[in-house]
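Asks: sequence first, then the predicted structure:
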Amino acid sequence: MTLSGTTIEPRKNETAATRCVRWPVAAALAVLTAVCAAPAIAQTPAPAPDTAALGKEQQNPISSMATIPWQMNFNSGGGLEDGTFFLLNLQPVMPFKVSERWNMILRTIVPIVSVPGPETTSYSGIGDIQEQVYLTPSKGGKVVWGFGPVVSMPTATAAPLQTGSWAAGPTFVALTMPGPWVIGAVVNNVWTFSDAGSATKMNQFLFQPFINFNFGKGWAISTVPVITAN
C-alpha cells in the first residue's frame, strides 16, 4: 500500500486483525507528515485603509457611503449678551441605489440645542428635525450634485424653538473634490404648508458653503458658514 510516497508493506505472520489496526494508523501518520512538510502559503497583508479618501467621503453631504457626521456650534454675544446658545447637529447620511444611473441619498438633520432664557434659566432639547432627500447620478464626474425635497417636521421640545409647523421646499447640493480639497454648497428653502395653530410661519432660506482641506491621515481643516434668511 502506498500513500503520499510512503509504502506500507505487509509483515510476515501478520494477522488480518493486526493489519486492520496498523495500516489506518500508518496512513494517518503519512498524511500528517505530508501536511507538515507542505510549504507555507504566503499571506498577503490587507491594504491599509485610505484615511484621506474616507475623510473626503465624510465631508460629502451626498456621499455614497453611510456616515454619521456631526457639527457642534457655540454662539454668544449680540442679542445673547452673556448667554451661550449651543447647537449640536447630528447629520446621518444613508445612500440607496435607485437604478443603474441614479442613487437616492437620505440626509437627516437632528438639532440638539441649549437656549439661554431669562436670568439664569435655559431651555434644552431638540429642534425641528429636517429630512433632505437627494437624487444624484450614481457615476459622478468632476462635479457631484444632487437635488430633491426637504421637509421640516415640528419635533422641537425646546420651547423657544417650537414652531408647530410642517414645512417643505426644494434643496440642492453641488461639490467638487480636486486633490485634497472638498468644495461645495448646500442651498434650500422651506415654506409652511401645515401648522398646529401657531402664529409662527416658516419661510426660511439656507445657504451653506463648505471648504475642506485634507492634510492626510484623517486630519483636515474646514470652514462651513451658515447663511440664513427668514
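Replies: Arrived safely, thanks for sending. Numbers count the residues shown, from 1 in each chain.
Asks: could you use CA atoms for every contact and neighbour count after this?
Replies: Will do.
Asks: for Leu126, grab the count of nearby residues.
Replies: In this structure residue 126 is Ile, not Leu. Counted by other Cα atoms under 10 Å, the residues lying close to Ile126 total 21.
Asks: now it: closest residue in space that isn't a chain neighbour?
Replies: Ile112 (4.4 Å; Cα to Cα, 6 or more residues apart in numbering).
Asks: that neighbour reaches Tyr123, doesn't it?
Replies: No - assessed by Cα atoms under 8 Å, Ile112 is found out of contact with Tyr123, at 10.9 Å.
Asks: circling back: contacts for the stretch of helix or strand the residue nearest to Ile126 belongs to, please.
Replies: For Ile112, the enclosing helix or strand under DSSP states H and E is strand 102-116. Outside strand 102-116, the residues within contact range by Cα atoms under 8 Å, 6 or more residues apart in numbering are 61-64, 80, 83-98, 122-138, 158, 160.
Asks: what subset of those is buried?
Replies: If you count burial by 16 or more other Cα atoms under 10 Å, the buried members of those come out as 61-64, 83-95, 122-124, 126-138, 158.
Asks: pLDDT (mean, whole number) over stretch 181-198?
Replies: Stretch 181-198 comes out with an average pLDDT of 90.
Asks: which strand residues sit across from the residue nearest to the spatial centre of the chain in the sheet?
Replies: By Cα atoms, centre = their mean, the chain has its centre lying nearest to Thr67, at 0.7 Å. Bridge pairing for Thr67 (DSSP bridges) gives the partners Val93.
Asks: my guess is it contacts Pro61. True?
Replies: No - with contact defined as Cα under 8 Å, Thr67 and Pro61 do not form a contacting pair (9.4 Å).
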